[in-house]
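Asks: requesting a structural model of the entry that follows:
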Amino acid sequence: MYATRTEVEVAAGRSAEEALAPLARRLRAAVDSGITLGLSPDLGASGDGWATAAELATPPYERLAVHIADAQRRWDAPPHIAAALWWKGVAYWTTLPVAVGWALNRRVPLLTADTALVRAAETTVTEIAARDLRAASGDDLGETIRDTLLLGLHAPLIDALHALTRVGRRGLWGSVAEALVDPIVSYGHDLLDDPADAAAGLLRSVGAPVDGLMDIPGRRRRTCCLWVALPGKDACPSCCVNDRLGDKEHRAGARG
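Replies: From the prediction side, this is the model:
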């Protein structure tokens, strides 16, 4: 039997740190193995340059525009492509601890626009942290993840990026869907009997606007992150463009 929303337990402060300690240990082990993360294992913030997601998503988007301008210079990209690529990083690093925590023990950090912190980073483009750390636990966390992570954090930033650069919202939600699936399928083999099936179940439980944007188990997106739109860049392995390229090659071979 699945838990109802009233059975989801929420912890804050020290209780949240204790609830998320297994997640922090797993992320720390990833760092120790040489994996570069765009967040600290305990989601703590140190140093300067942080802004809340809410500040970035507030018109006239001056602080967000600085991030997009940096992305334009990094990739020599027009604003809408730079926004999509910057967002792919933000979506991944805000979602990874939620996806891994869900797969690990059904305990996830609760990030919203008011509690998620973002700053520029050299290696991972963006770095994510949290203030006023909260955590949720329960058997069925789909609705909680949708209400906090997707609607509370991602939706305001997606709307702001669309307003600032006119980048398409569906493609940005595709990056969120990929961020929910990829950590589970890539790193969940010691946690789950069938990581691909588990990831598909998580997408279904979270629902709109991410359900239906990934083909699993192939990990193929149904949207494009726009990396392939840059001159000389190949499509990402997960990109929907690969299907179209394969069809063209097949047709060309048939004609030959």
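Asks: give me the neighbour count for Arg219.
Replies: Counted with other Cβ atoms under 10 Å, the neighbours of Arg219 add up to 16. Heads up, the C-betas are built off the backbone N, CA and C, glycines and all.
Asks: tell me the contacts of it?
Replies: By Cβ atoms under 8 Å, 6 or more residues apart in numbering, the contact list for Arg219 reads Glu178, Val181, Asp182, Val185, Ala196, Pro237, Ser238.
Asks: pretty sure the fifth one sits in a helix.
Replies: Yes. In this structure, Ala196 lies within a helix as judged by DSSP: H, G, I helix; E, B strand; the rest coil.
Asks: how far away is the nearest residue to it once chain neighbours are set aside from Asp197?
Replies: Closest residue to Ala196 apart from its sequence neighbours, by Cβ to Cβ, 6 or more residues apart in numbering: Pro217 at 3.5 Å. Remark: distance between Pro217 and Asp197 (Cβ to Cβ, to the nearest Å) = 8 Å.
Asks: repeat for Ser15
Replies: Taking Cβ to Cβ, one finds Ser15 at 32 Å from Asp197.
Asks: ditto for Thr95
Replies: Counting by Cβ to Cβ, the gap from Thr95 to Asp197 is 19 Å.
Asks: next: Ala130.
Replies: Taken as Cβ to Cβ, the span from Ala130 to Asp197 is 30 Å.
Asks: neighbour count winner among those two?
Replies: Ala130 (23 against 14).
Asks: you'd agree Pro209 is in a helix?
Replies: No. Counting by three-state DSSP, Pro209 falls outside a helix, being coil.
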